[in-house]
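Novice: This is a predicted model, with the sequence first.
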Amino acid sequence: MNKFEFNFQNFADVWSKEQWKYVKKQARYAYLKSNRWSKKMMRRDWQNDLDNIGSFYFANRALVAGASQNLPYTTLALLGELLSNNYFHQEIKTIIQENVIKFDGQFYKLDDHEHQTKIRKALRSYKFQKADKTAA
């Protein structure tokens, strides 16, 4: 006759040992994962991410100021960056409202896709002017 003895302590010991194996396995997995994660975080180019977030903020700022949504993203970011500068704020605001910028004696529409390189160059070098009302 096979007699089965029910001893709670034996079952508790077996259960706790099995749980401990599971905990060790999960801890080892978590350590390896966190080690890889920390290496990945250290290798990440955080400066590039900050630049992306900053340009997104400045582009949004230009859109709030009334810039056209048809403008290229980099032009929007440059306009927003200049809007943040108190020295250029009023001038950029009028440029956005009139949608015309003057650079090297030439007038360019902001949403003209053929001349975007010249417009960006004017915005980066701070050599832009707002269009005169008499020039139109």
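Specialist: Thanks, I have it.

Novice: mind checking pLDDT for S125?
Specialist: Listed pLDDT for S125 reads 91.

Novice: what about it, neighbour count?
Specialist: 9 (other C-beta atoms under 10 Å). Just so you know, the C-beta spots here come from the backbone N, C-alpha and C atoms, and that holds for glycine as well.

Novice: One more: D13?
Specialist: 11.

Novice: Over to A62?
Specialist: Around A62 there are 24 residues (other C-beta under 10 Å).

Novice: Please report how far it lies from L78.
Specialist: From A62 across to L78, the span is 8 Å (C-beta to C-beta, to the nearest Å).

Novice: Just want the most central residue of the protein.
Specialist: I53 (2.6 Å; C-alpha atoms, centre = their mean).

Novice: Surely it is in a helix?
Specialist: Yes - under DSSP: H, G, I helix; E, B strand; the rest coil, I53 falls within a helix.

Novice: Quick check: it vs R124, distance?
Specialist: Distance from I53 to R124, by C-beta to C-beta: 20 Å.

Novice: secondary structure element for the closest residue to L76 other than its chain neighbours?
Specialist: Nearest residue to L76 in three dimensions, chain neighbours excluded: A59, at 3.9 Å (C-beta to C-beta, 6 or more residues apart in numbering). Assigned by DSSP states H and E, A59 belongs to helix 46-64.

Novice: tell me which residues of that helix are tucked away?
Specialist: S55, F58, A59, R61, A62, L63 (16 or more other C-beta atoms under 10 Å).

Novice: which of the residues you listed lies closest to A131?
Specialist: A62 (17.8 Å; C-beta to C-beta).

Novice: Now do the end-to-end distance for stretch 79-91.
Specialist: End-to-end distance of stretch 79-91 (C-alpha to C-alpha, to the nearest Å): 11 Å.

Novice: Sounds good, over and out.
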